[in-house]
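Asks: build me a model from this:
(chains A and B)
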Protein chains: 2
Amino acid sequence: MDSSRLVSRRDLDFLLFEWLDVDALTGRERYADHDRTTLDGVLDVSERLAAEKFAPLAAALDVDEPRIGDDGVVVLLPAVAEALAAYNRAGLPGMSFDAEHGGIQLPFTVQRAASMFFQAASVGVHAYPSLAAGAAHLILTHGTAEQIVTFAEPVVEGRWYGTMCLSEPQAGSSLTDITTRAVRQDDGSYRLTGTKMWISAGDHELGDNIVHLVLAKTPDAPPGVKGLSLFIVPKLLPDADGEPGERNDVALVGLNHKMGFRGTTNTVLNFGEGFATPGGRPGAVGFLVGEEHAGLSSMFTMMNEARIGVGAGAVALGYAGYLHALEYAKNRTQGRPLDAKDPASPPVPIIEHPDVRRMLLAQKAYVEGGLALVLYCARLVDERVTAPEPADRDRAAQLLEVLTPLAKAWPSQWCLVANDLAIQVHGGYGYTREYPVERLYRDNRLNPIHEGTQGIQALDLLGRKMVAGGGAGLAVLAGTITETVVSARKAGGEAADHAAALEAAVARLVEVTGIAWSDGDPAVALANATAYLEAAGHVVVAWLWLQQMLVAEGREGAPYDGKRLAARYFFAYELPRVATLLDLVASRDRTTLDLDVSAL
Amino acid sequence: MDSSRLVSRRDLDFLLFEWLDVDALTGRERYADHDRTTLDGVLDVSERLAAEKFAPLAAALDVDEPRIGDDGVVVLLPAVAEALAAYNRAGLPGMSFDAEHGGIQLPFTVQRAASMFFQAASVGVHAYPSLAAGAAHLILTHGTAEQIVTFAEPVVEGRWYGTMCLSEPQAGSSLTDITTRAVRQDDGSYRLTGTKMWISAGDHELGDNIVHLVLAKTPDAPPGVKGLSLFIVPKLLPDADGEPGERNDVALVGLNHKMGFRGTTNTVLNFGEGFATPGGRPGAVGFLVGEEHAGLSSMFTMMNEARIGVGAGAVALGYAGYLHALEYAKNRTQGRPLDAKDPASPPVPIIEHPDVRRMLLAQKAYVEGGLALVLYCARLVDERVTAPEPADRDRAAQLLEVLTPLAKAWPSQWCLVANDLAIQVHGGYGYTREYPVERLYRDNRLNPIHEGTQGIQALDLLGRKMVAGGGAGLAVLAGTITETVVSARKAGGEAADHAAALEAAVARLVEVTGIAWSDGDPAVALANATAYLEAAGHVVVAWLWLQQMLVAEGREGAPYDGKRLAARYFFAYELPRVATLLDLVASRDRTTLDLDVSAL
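Replies: A predicted model of the protein is given here:
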């Protein structure tokens, strides 16, 4: 399998080491066991395993998707377990964990980058270890020492898997509406009853056990999200030795059949409505994580990382599609230049046609821009934890809060557009299932929906992040962008032109944020939050393109020429969209607020 | 089956009879056998058959797509033949044909509108009679009397089907590169050899025969598209009585497996490389239609209608998705208003959320705007043929030439966006195959590709239609829009505001057309033709929204309130995009022209 059509390693190296200076992290105590060689090693092994073990599965799983066998057990292609066994043998489940729990204690930025090879190769298979890691992280952060040993460390070792159980059939975006109940027992455990929906990796036989992290309400819970508590609900209850024992009352009710992303089982799970459980009492046995009614804030501890992960997945799928489209456009011959006079002249590779080039450039600008955004955010996660100066840690945390909704939403929108363009470059071939681009598109279509829809990200950005602390987050963002503007102005030439455009766009973004909130009415301020989200995303990515251009300054060849080219494209074709979007937000247009539903 | 989620009949009636005054056509000689009752009757029967016979097939065919059986024959779900038998019994294959050939001789506008019910219900099944009709039309227009009787009339009667065979594996957008050869025989027939690709409805057992219309080159043909000739190549050669007889050498090589639109077989056909044909000479037997080397112009006779048909299909799929999303948003409860204080208050239907309303309004504006565009163009087809004054016929023809690429491309782009938004309104449910919106999206994704890609339409619009006759087409368009601007200004109020915005946009469109071509270099003028296409489409649809608003003036209730609302949305949210796009075209940006491919 050719790994050159997953994510460009050359681009990753440029971003990680020439731009984000990630190897400097190894000078910090937390990452002192690493050096450039070990970081490269993780990237190397990830790229190789993704290409060899994961990539061949993507198309196969799309056709032979997970199903429930006659015995009620999930049937997955056997090659999935083989791929994950190779992943485990390489120690990759420990990528994101501390050494004291058996992990590799890698910088988050590197772990995020390495994971993208797997996401590009088979986003469906990658979801199993990824969701497991998310669950283990929560337990490591908020669980007791015993919970960590019992439930998290088997995940770090790759033996167990895990899930996040938030949504219910009637409650997706609105966690307020969760109805799963948890009743405390005399022994301190809880019994859970309820139905959870859209649970990815919710059931399978890939490991020895599955650790569900479940949001539920205790009987005395206050209304709203403040009443949610977080529970560990294992599929199999650990015995006295910590080994998976008796079956807990977590029943697989059904699998959802999706447009794409089919490699990951997506389940409906019933808690406490199946067979009898130990002691004959109704409910699935659960163990409280942290305090009662603090479940959502616990869950949100990992939200930045989770949302960056979704954005990264969107980038990875878009990136793979771009590389396929680029390859196709170089090799497919058809048509002649617009100014060709002789119809008998031989056809040219379609990459010679301006509109095909536009579609390729747009894809490049979206996927490399999206990659820069998610890695920049990942770098902020590391900075927040390891920067020597508290002020730097605080600043990183503030910037991360503002950028996270963009890191989730911008790639989910634009790298999906990239996949759409990859199909278009292929013409009719791209519409067939013989080429991977249509599947990549279908896989990626999930990303604007899960882990907070685009609309939810928009409310988070304009309703919370941009105005929190009297607009401190926005101020930090604008200040950081201005530093780049100053550098670009000094660099002169094209960079200085871009700096001027960026400076104006940022100023307008700040101004319009104030206008949106000018009378403090959230209904009006947020009525066009989605346009604001889109505008802010384009401003931020334009900024990151300018940074990349500055890093490439004075250097020739790949990837530097490409960075200048895509930056030029982004400033000419993309950034100008922002003005129209911000004008709409500034107009405080009430069309959607005032409409009479019967007119729709 | 509920026909309320295909295309709104109320909207169709508004557009056909309140706006386009289609019943007035029955006052003209060609349509004198019809009156409002017969027109309504065709719409009624089409709506009913589409809902009852076609709609239930869409999801089934998506799963059980056509395949090649062990005997090499195409296997289709039996219900397809049943649905088409009902279609035939209703006389609908004759919808678009003249009475002298057994047709109903309906106004094209009504036939186009009626067909949309079938396109919305099952675009895959509708393609069989639709492609057959296209082939028969070509023969009726350019064939001999004998060819008409032998090959066209069985199609009019619904007994035979037909195809258009243009593309080849190496030649899709570029017909110059066609290599299929046709050699004249002593008896005046031809023998064809070559491979045709992407042939929809290219093989099946639905009728008694299939009439392929094939573009090929004779040995002495001049290079380029001027060397193409058009041939009738029947699957079965008619015997002396005109009945299907001996098998012609047209071999089904394979089926393409598509992302969507799966109900229609999409084939690779080999001509003259299969079994021996009569007389043992190599090649499939073909009959020249019209003159040698005039094939492309014959084929393009029906191009306006064919492209309007593709646009209509895109509208129909978008429309069905919109109606599903609207229904879902009214019934699905989740979340609370942004200014709600009490988290314990009951959840509201999601249609109460501004961002959901925005997504619904956008869909409404796209699908009803697209419907207006395709029906307006269909009305021009009727006007071109039946207007009493030659000057009116000429003017209609000119306007039709300019609008056709937009009628194909604009719905293919924006009604696909509508399908995307319909998924988003459904959240996770929309991403599953249990809901129709993901299939509608997949079906619609073909439309920006076939019958001339978006890029091809852009070249046609800015490279030919807008500049033909010294810009006469653009002048007619601008003049026609200005008439609406004048009316809207007189109407005052909101319409007058929109009129001002539209007037400015049209002026800029005209100006930028000149700027693009300012030095006559097609490479530069057309480098950003796609942005121009998008801008022109938005200007035209804004114009049609303003027209609809004027028709609705002074009237309350459905659909009038909705027309005002969607017009307001379009002018507030959509038309402003145009300025940015036209600025790009006006900049004559050379990024795509000058780039070094190795930098991609």
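
Asks: and stretch A:161-179, what's buried?
Replies: Neighbour-count burial for stretch A:161-179, counted by 16 or more other CB atoms under 10 Å in any protein chain shown, picks out A:161-168, A:171-178. The C-beta positions use only the backbone N, C-alpha and C, and glycine is treated the same way.

Asks: for those residues, work out which two are farthest apart.
Replies: Farthest pair in the buried residues of stretch A:161-179 (CB to CB) is A:Tyr161 and A:Thr176. Separation: 28.6 Å.

Asks: filter the buried residues of stretch A:161-179 by proximity to chain B?
Replies: Among the buried residues of stretch A:161-179, the residues lying close to chain B (CB under 8 Å from any CB of the partner chain) are A:Ser167, A:Ala171, A:Gly172, A:Ser173, A:Ser174, A:Thr176, A:Asp177.

Asks: for A:Val356, which non-adjacent residue is closest in space?
Replies: Spatially, and ignoring its direct neighbours in sequence, A:Val356 is nearest to A:Ile350 (4.9 Å; CB to CB, 6 or more residues apart in numbering or on different chains).

Asks: of the buried residues of stretch A:161-179, which is the nearest to chain B?
Replies: Among those, A:Ser174 lies closest to chain B (CB to the nearest CB), at 4.0 Å.

Asks: in chain A, which spans are strands?
Replies: Assigned by DSSP state E, chain A shows strands spanning A:67-68, A:74-75, A:161-165, A:181-184, A:190-200, A:210-217, A:228-234, A:236-238, A:244-247, A:250-255, A:266-271, A:284-289.

Asks: ok, and the closest non-adjacent residue to A:Asp497?
Replies: A:Phe571 (7.6 Å).

Asks: and if you look at A:Gly72?
Replies: A:Leu252 (6.9 Å).

Asks: give me the beta-bridge partners of that neighbour?
Replies: A:Leu269 (DSSP bridges).

Asks: I'd like the distance between it and A:Val73.
Replies: 8 Å (CB to CB, to the nearest Å).

Asks: the two: who's more crowded?
Replies: Between A:Leu252 and A:Val73, A:Leu252 has the larger neighbour count (other CB atoms under 10 Å in any protein chain shown), namely 20 against 12.

Asks: surely the more buried one and A:Asn266 touch.
Replies: No: A:Leu252 lies out of contact with A:Asn266 (CB atoms under 8 Å); the separation is 11.3 Å.

Asks: anything in contact with each of the two?
Replies: When contacts are counted by CB atoms under 8 Å, 6 or more residues apart in numbering or on different chains, the set common to A:Leu252 and A:Asn266 consists of A:Gly202.

Asks: which parts of the stretch 351-500 of chain A are helices?
Replies: A:354-386, A:390-426, A:437-444, A:454-458, A:468-491, A:493-516 (DSSP state H, counting those that start in this stretch).

Asks: same list, those, but as a markdown table with mean neighbour count please.
Replies: Formatted as a markdown table, the helices of the stretch 351-500 of chain A follow (neighbours: other CB atoms under 10 Å in any protein chain shown):
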| stretch | mean neighbour count |
| --- | --- |
| helix A:354-386 | 25 |
| helix A:390-426 | 24 |
| helix A:437-444 | 27 |
| helix A:454-458 | 24 |
| helix A:468-491 | 17 |
| helix A:493-516 | 18 |
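
Asks: run a quick neighbour tally on the closest residue to A:Val467 other than its chain neighbours.
Replies: With sequence-adjacent residues excluded and distances taken as CB to CB, 6+ apart, A:Val467 is closest to A:Trp517, at 6.3 Å. By other CB under 10 Å, the residues close to A:Trp517 number 19.

Asks: for A:Ala523, see how far away A:Trp517 is.
Replies: Taking CB to CB, one finds A:Trp517 at 12 Å from A:Ala523.

Asks: same deal with A:Val539?
Replies: On the measure of CB to CB, A:Val539 and A:Ala523 end up 25 Å apart.

Asks: between these two, which has more neighbouring residues?
Replies: Neighbours were tallied for A:Val539 and for A:Ala523 using other CB under 10 Å; the higher tally belongs to A:Val539 (22 against 14).

Asks: okay, A:His126: pLDDT?
Replies: For A:His126, the pLDDT comes out at 98.

Asks: residues of the stretch 351-500 of chain A that sit close to chain B?
Replies: A:351-358, A:360-361, A:364, A:423-424, A:427-428, A:430-434, A:438, A:441-442, A:445-446, A:448-450, A:453-455, A:458-459, A:463.

Asks: show me the contacts for A:Glu243.
Replies: When contacts are counted by CB under 8 Å, 6+ apart, A:Glu243 touches A:Asp208.

Asks: quick one, phi/psi of it?
Replies: The phi and psi values for A:Glu243, taken as degrees, to the nearest 10, are phi -80, psi 150.

Asks: which bits of the stretch 501-600 of chain A sit near chain B?
Replies: Proximity of the stretch 501-600 of chain A to chain B is confined to A:521-523, A:526-530, A:558, A:561-562, A:564-565, A:568-569, A:572-573, A:576-577, A:579-580, A:583-584, A:587, A:589, A:591-593, A:595-600 under the rule CB under 8 Å from any CB.

Asks: tell me how many other residues crowd the residue lying closest to A:Val551 once chain neighbours are set aside.
Replies: Closest residue to A:Val551 in three dimensions, ignoring its sequence neighbours and counting by CB to CB, 6+ apart: A:Trp19, at 4.9 Å. Neighbourhood size, A:Trp19 [other CB under 10 Å]: 20.

Asks: kindly state the pLDDT recorded for A:Trp19?
Replies: pLDDT, read off for A:Trp19, is 98.

Asks: same thing with A:Gly279?
Replies: So, for A:Gly279, pLDDT stands at 55.

Asks: so A:Lys196 makes contact with A:Asn266?
Replies: No: A:Lys196 is not in contact with A:Asn266 according to CB under 8 Å; the separation is 11.3 Å.

Asks: these two - which one has more neighbours?
Replies: A:Lys196 (29 against 26).

Asks: across the sheet, point out what pairs with that one.
Replies: Beta-bridge partners, per DSSP bridges, of A:Lys196: A:Leu269.

Asks: separation between it and A:Glu157?
Replies: Distance from A:Lys196 to A:Glu157, by CB to CB: 26 Å.

Asks: could you check how far the one residue in the stretch 101-250 of chain A that gets nearest to chain B is from A:His293?
Replies: Of all residues in the stretch 101-250 of chain A, the one sitting closest to chain B is A:Gly224 (2.8 Å; CB to the nearest CB). Distance, A:Gly224 to A:His293, using CB to CB: 10 Å.

Asks: same question, A:Phe118
Replies: 36 Å.

Asks: check A:Thr484 too.
Replies: 43 Å.

Asks: ok, now A:Gly41?
Replies: On the measure of CB to CB, A:Gly41 and A:His293 end up 44 Å apart.

Asks: so the two - more neighbours on which side?
Replies: More crowded of A:Gly41 and A:His293, by other CB under 10 Å: A:His293, with 18 against 13.

Asks: which parts of stretch A:445-464 are buried?
Replies: Neighbour count says stretch A:445-464 has A:445-463 buried, by 16+ other CB under 10 Å.

Asks: just want the most central residue of chain A.
Replies: A:Val310 (1.3 Å; CA atoms, centre = their mean).

Asks: residue contacts, it?
Replies: A:Lys408, A:Ser412, A:Asn447, A:His450, A:Glu451.

Asks: next one, pLDDT for it please.
Replies: On pLDDT, A:Val310 comes in at 98.
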